[in-house]
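Student: A predicted structure for the sequence below; I have some questions about it.
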Amino acid sequence: MQQKIISAPTPFYPSSDGKPMAETDWHRKLLMELLQIIEHHFREHDDVYVSGDLLIYYKMGDNTKSVAPDVFVVRGVSKKQRGTYLTWEESHTPDFVLELASPSTFRYDLTGKKDLYESVLKVKEYYIYDPLHQIQPHFIGFRLIDGVYQEIAFVNERLPSSVLNLELGEHDGTLRIYDPKIEQWLSPPEERAEQAEERAEQAEAELAKALATLERLQTEKDNEMK
């Protein structure tokens with residue numbers, strides 16, 4: 001009797017863990033704004049992948065080994081769209097992670113997740129921020145030095161990121177990202193649109209003023225020639 005060869009089942013890696021995207025409206029809005037800001041900043045970098053609330057699987061064959069950072073950045077991989085992030089296929093783990101914390105998650109963010117990012121995923125920089133300031137400290141960052149997380153010191157009330165070459169700090173009461181090269185805060189799309197509209201209106205007003213001045217000068221010149 002010929003023995004049947006049964007192949008091992010192909011592991012399935014779900015794209016959802018059934019948990020909500022964010023705990024509150026404030027968390028969700030900030031998450032989306034930060035993702036859009038970072039994506040826009042690296043829009044011309046084909047090898048910088050920016051994502052958030054996406055399941056990262058870090059042990060091949062075990063779909064229970066996963067984590068979904070609120071915001072993460074990976075250098076050295078393409079920015080193609082993904083349903084999940086499989087570290088063994090990408091050959092890269094996140095370089096930057098930001099978690100938006102709350103009283104119900106902060107303890108795990110500072111223990112279990114911190115250990116995972118430090119010891120397993122080797123995330124170079126890990127930041128934790130509470131949008132509602134319900135926990136203390138409400139903003140903290142860590143940098144991986146010789147395999148161990150060291151707390152990042154504030155500089156000008158901001159936490160510098162060597163991975164992003166940017167700085168994270170509070171601006172107008174919420175977490176924003178500062179570009180030290182241009183010495184400006186980076187804005188989300190809605191604010192950029194408003195700023196562009198304001199610049200267009202200002203330019204239109206200046207043009208109208210210049211045309212009025214030219215018309216006045218021409219009138220004065222015509223009067224002198226009479």
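Tutor: Here it is on my side, so go on.

Student: L34 and F72, how far apart?
Tutor: To F72, L34 is 11 Å away according to C-beta to C-beta, to the nearest Å. (Each C-beta comes from the backbone N, C-alpha and C, glycine too.)

Student: These two: which has the busier surroundings?
Tutor: F72 (28 against 24; other C-beta atoms under 10 Å).

Student: did I read that right, the more buried one in a strand?
Tutor: Yes - going by DSSP: H, G, I helix; E, B strand; the rest coil, the assignment for F72 places it inside a strand.

Student: how near is it to P94?
Tutor: 4 Å.

Student: intersection of neighbour lists for the two?
Tutor: 56, 123 (C-beta atoms under 8 Å, 6 or more residues apart in numbering).

Student: ok, how many other residues are close to the residue lying closest to V148 once chain neighbours are set aside?
Tutor: In space, and not counting its chain neighbours, V148 is closest to E118: 7.0 Å by C-beta to C-beta, 6 or more residues apart in numbering. Neighbours of E118 under the rule other C-beta under 10 Å: 16.

Student: Are we agreed that E118 is in a strand?
Tutor: No - using three-state DSSP, the assignment for E118 is helix, not a strand.

Student: Could you pull up the residues touching it?
Tutor: Contacts of E118 by C-beta under 8 Å, 6+ apart are 126, 142, 144, 147-149.

Student: Any chance of a ChimeraX selection covering the buried ones in the residues you listed?
Tutor: The buried subset of these, as determined by 16 or more other C-beta atoms under 10 Å, is captured in ChimeraX by this line:
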select :126,142,144,149
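
Student: all helices of this structure, in order?
Tutor: 25-41, 87-90, 106-110, 112-115, 189-225 (DSSP state H).

Student: Need the residues touching each of L34 and F72.
Tutor: Joint contacts of L34 and F72 (C-beta under 8 Å, 6+ apart) are 52, 98.

Student: What are the buried residues along stretch 95-105?
Tutor: Under the neighbour-count rule (16+ other C-beta under 10 Å), stretch 95-105 has 95-102, 105 buried.

Student: next one: stretch 73-85
Tutor: Buried residues in stretch 73-85 (16+ other C-beta under 10 Å): 73-75, 77, 79, 82, 84-85.

Student: which one of those sits closest to Q134?
Tutor: Comparing the buried residues of stretch 73-85 against Q134 with C-beta to C-beta places V73 closest, at 26.2 Å.

Student: What residues are bridge-paired with that closest one?
Tutor: V50, F96 (DSSP bridges).

Student: close enough to count as contact, it and H92?
Tutor: No - applying C-beta atoms under 8 Å as the test, V73 and H92 come out as separate, 10.7 Å apart.

Student: Report the residue ranges of every domain in the chain.
Tutor: 25-186, 188-226 (automatic domain parsing).

Student: And the longest one, end to end?
Tutor: Counting by C-alpha to C-alpha, to the nearest Å, you get 22 Å between the two ends of domain 25-186.

Student: Please apply the same query to stretch 42-59.
Tutor: 29 Å.

Student: So what touches it?
Tutor: 13-17, 21-22, 31, 34-35, 38-39, 63, 65-80, 82, 84-87, 93-94, 120-121.
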